Each structure stands twice: as C-alpha cells, then as structure tokens.
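Student: Requesting a structural model of the entry that follows:
(2 chains, ligands or ions: 1)
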Amino acid sequence: MSAARRVQQWATFGRMWYLYDGKWQNPLESADKIVPYLDGSHKPIFHPLNDSGDHVVVINSRDIALPGDEWEKRVYFHHTGYAGGATWTLAWQLHEADPTMIIRKTVYNKLSKNLLRRGRLARLHIFPDDKVPDSILKNVSAQMRQLRPVPRRLDHYPQEELENFPKIFDWPKDHVIN
Amino acid sequence: MLGRVIGTFLPRLLPATHSTLATYPPHASALLRPLHTSHSRCLKEIVVEEQEGGDTVVKGQYLPSPNAHLLVKPDGEAGKACPLCALDLDVKHTDVLILSQFMRSDGSVLPRRVTGLCSKQQRRITWLVIMAQKAGLMPNLAPATSKRDPSRRYGSKKFNRYFDENTLPK
Ligand SMILES: [Zn+2]
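Tutor: Residues are numbered from 1 along each chain as shown, chains lettered A, B, ... in the order given. Now for the predicted structure:
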C-alpha cells in the first residue's frame, strides 16, 4: 500500500469536526441534517457496528428561528416522578432558560433509540453565541451549509442601496410623505 | 410653530423646503404662518420666492417625484394591470426592500388610493408586512414609542421567527 493510499485510509476512518451556524435556522430541520453526521450514516463506510460518527459544533444557537407561533405552541413535558410532578414548558421559556436546550433535545429525539444514543449526543457541541473555546475550534475542518437563508433587516441595508432600489409604484402628485 | 408644522406634514422634498425656509430671517415666521394655514393640508408643495421688479412672489409648486427614474414600468398589455400583478413578482415577507415601499415611517401600510394595487395584492402586501414586522425585519419603520430593537421585545416576541407564505389567506 502506497503512502498516499495509507493516508487516505486513515482519513476515511478519522473523525471530522463540522461547524454549523444555527442563526435563523429551524432546530427541527437542522436536527434532521445533524443526526446523520453524529451517527456516521452519511458516510459510504457506514455500518451499525462501525463507530464512524463525526463531531458537530453548533454556534449561535440563541438565534434559532421557529415558524409562525411555534415559540408559544411547542411544549416540552417533564415529570419528576412524584405525584403532581408534571411540568409543561413552552419553547420560548425553555429557550430563555437555556438557549442550547432546544437543539440538544431535538437532536436527542431524532437519534436512533439504542445504547449508542448518549455517546452520539456527546459529539454534539452547542454554543449560544459565536464564542467557541479554542480547544474545540482547532479541530473544526469543515462547515455544514445552512438550510434557509438568513433574512436581512431593513435597517442593515446601506442608505445608498435603499435609495437606488427599483420602485414598484410612484406616489400620487399630491401625496405627503410621512 | 412653523417647525412643528413642517415636522408633522413632511413635503415630498424636505431638504429643499428647509433650505428655502432657512433663508428667512426669524421675524418672517409671522409672514409665513398664514401661508401654511391657507393650505388645507399644509405642506404638500414647495414654496418658492421670486423677485420681479421689487415685487415678491410666493407660490406653491409641485416637484417631480425623486423615484421617477427608478420606476419599473412593464409595457404593453401587462402595463394595464396593477403594479404588482404587472410585474408578476412572488413577494416574500423577507423582501423588505419591496415591502417598505408600501409603508409609512410609522410602520402602517399605505392605502390602495396611493399604492394603486388591486384588492388581492393589497391584502397580500398587508399580510406580508405583518409577517415582516413580527419577524423583526423592519424595526426602523415603527411608531415613535416602539422599542425598535427586536431583541428587547417582551416574552416570546424577542426570539427569531419566520413565516410560510402558503399559510396566507387566498
Ligand atoms: Zn393586481
């Protein structure tokens, strides 16, 4: 086996570290994308007995977006085991308490239900903002594409672009601009 | 007094009016005030002053729209439809550069009398503006008492959200 083929063999079985920016991303759609990376099923060498999962570093998890009124309608259930120990927490309340929890719970629920689940979840690293420790960032060698475009706010356009954008209609002659 | 009136009813070209008014001495405001009250809607047009052999002529004059050269005008049969139908645009709630053209600075939507849209498109634009405002994409077009910054909103409203245009009423 030549040196190049030998290195290719190492690289094939090596663990990759992927960066994923959660800004304006739906956590449920994102989990569908992240889960195959964690359990390794995105690789052609995948086998259930083959430990080939990769690491995923999710940044800006505080800026995830939910569609419509899902912040108010999505409910997370917990039971302490004691009588009357049931709690129902709305998504926005959970997100306010811990901005990494919604992504972690969503990915956990989408991972296959076996003894490997906890170990695979441990390869998911979630950060509320873009401040990632160097010990983690130094491993990152690839980036996952975002699933939906990040919208741009009107006050973030430069004034020149606002003024020179094509206009759909013109005001009536006596229109008072305000 | 005069400054307050100007602030309430902005003319089509505010800078030009300001420069015109800036040339008046302070005591001239007494002369100017009846001029504004004589117009029912105050400053719709710019006031110009001309000297003709010692006479002072003050007259109102419509100015050309600053957007005239930016207007997208489809020609032929399509030009007869309303502006949005004619262009056949699939406007999303994230297209704030388009939506802001149909709005006032306080975030309200201009009436059909001004926009010239058909009722279908006017209703769609109104919904899209609501979506964009709830998503916090136009915080600068808001009432004066607004907090502006979407991250300072109350409760669940401070978090990012997006909308599906397919949920709009037909
Ligand atoms: Zn129309």
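
Student: so who does residue 54 touch?
Tutor: No chain in the question, so chain A it is. A:Asp54 makes contact with A:15-18, A:37-38, A:40, A:42, A:123, according to Cβ atoms under 8 Å, 6 or more residues apart in numbering or on different chains. The way it works is simple: take the backbone N, C-alpha and C, and place the C-beta from them, glycine included.

Student: not quite, I wanted chain B
Tutor: Taking Cβ under 8 Å, 6+ apart, one finds nothing in contact with B:Gly54.

Student: Please enumerate residues in contact with the one helix or strand A:Arg5 maps to?
Tutor: For A:Arg5, the element it lies in under DSSP states H and E is helix A:3-13. Helix A:3-13 is contacted by residues A:1, A:45, A:52 when judged by Cβ under 8 Å, 6+ apart.

Student: How far off centre is that helix?
Tutor: 30 Å (Cα atoms, centre = their mean, to the nearest Å).

Student: Any chance of CSV for the contacts of helix A:3-13, columns secondary structure?
Tutor: Shown next, in CSV, are those (DSSP: H, G, I helix; E, B strand; the rest coil):
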residue, secondary structure
A:Met1, coil
A:Ile45, coil
A:Ser52, coil
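
Student: burial count for A:Tyr20?
Tutor: 24 (other Cβ atoms under 10 Å in any protein chain shown).

Student: and it, backbone torsions?
Tutor: phi -130, psi 120 (degrees, to the nearest 10).

Student: any idea how far the residue nearest to it when sequence neighbours are not counted lies from A:Pro133?
Tutor: Leaving aside its chain neighbours, A:Tyr20 sits nearest to A:Met144 (4.4 Å; criterion: Cβ to Cβ, 6 or more residues apart in numbering or on different chains). Distance of A:Met144 to A:Pro133, given as Cβ to Cβ, to the nearest Å: 19 Å.

Student: Looking at these two, which has the bigger crowd around it?
Tutor: Shown here are A:Met144 and A:Pro133; by other Cβ under 10 Å, A:Met144 has more neighbours (16 against 9).

Student: where along chain B do the strands fall?
Tutor: B:46-52, B:55-61, B:160-162 (DSSP state E).

Student: and the shortest one with chain A, contact?
Tutor: Yes. Applying Cβ under 8 Å from any Cβ of the partner chain, one finds strand B:160-162 in contact with chain A at B:160-162.

Student: tell me which of the residues you listed is nearest to A:Ile103?
Tutor: B:Asn160 (13.4 Å; Cβ to Cβ).

Student: List the residues that contact the residue nearest to the closest one when sequence neighbours are not counted.
Tutor: Leaving aside its sequence neighbours, B:Asn160 sits nearest to A:Ala65 (Cβ to Cβ, 6+ apart; 3.8 Å). Contacts for A:Ala65 (Cβ under 8 Å, 6+ apart) come out as A:24-26, B:159-162.

Student: and which of the residues you listed is nearest to the ion?
Tutor: B:Tyr162 (25.8 Å; Cβ to the ion).

Student: Next, count neighbours for the closest one.
Tutor: 20.

Student: same deal with the one 5 residues further on?
Tutor: When neighbours are defined as other Cβ under 10 Å, B:Thr167 has 10 of them.

Student: now swap in A:Val150 and tell me
Tutor: Neighbours of A:Val150 (other Cβ under 10 Å): 14.

Student: Give me the secondary structure label for it.
Tutor: coil.

Student: Mind pulling the model confidence for it?
Tutor: Confidence at A:Val150, expressed as pLDDT, is 97.

Student: how much space between it and A:Asp63?
Tutor: 9 Å.

Student: any idea which residue sits dead centre in chain A?
Tutor: Closest to where the C-alpha atoms of chain A average out (Cα atoms, centre = their mean) is A:Gly22, at 4.1 Å.

Student: which one is B:Pro150 nearest to, not counting chain neighbours?
Tutor: B:Pro150 sits nearest to B:Gly136 (Cβ to Cβ, 6+ apart), 2.9 Å away.

Student: can you check A:Ile126 too?
Tutor: With Cβ to Cβ, 6+ apart, the residue lying closest to A:Ile126 is A:Thr100, at 4.0 Å.

Student: Many thanks, I have nothing further to ask.
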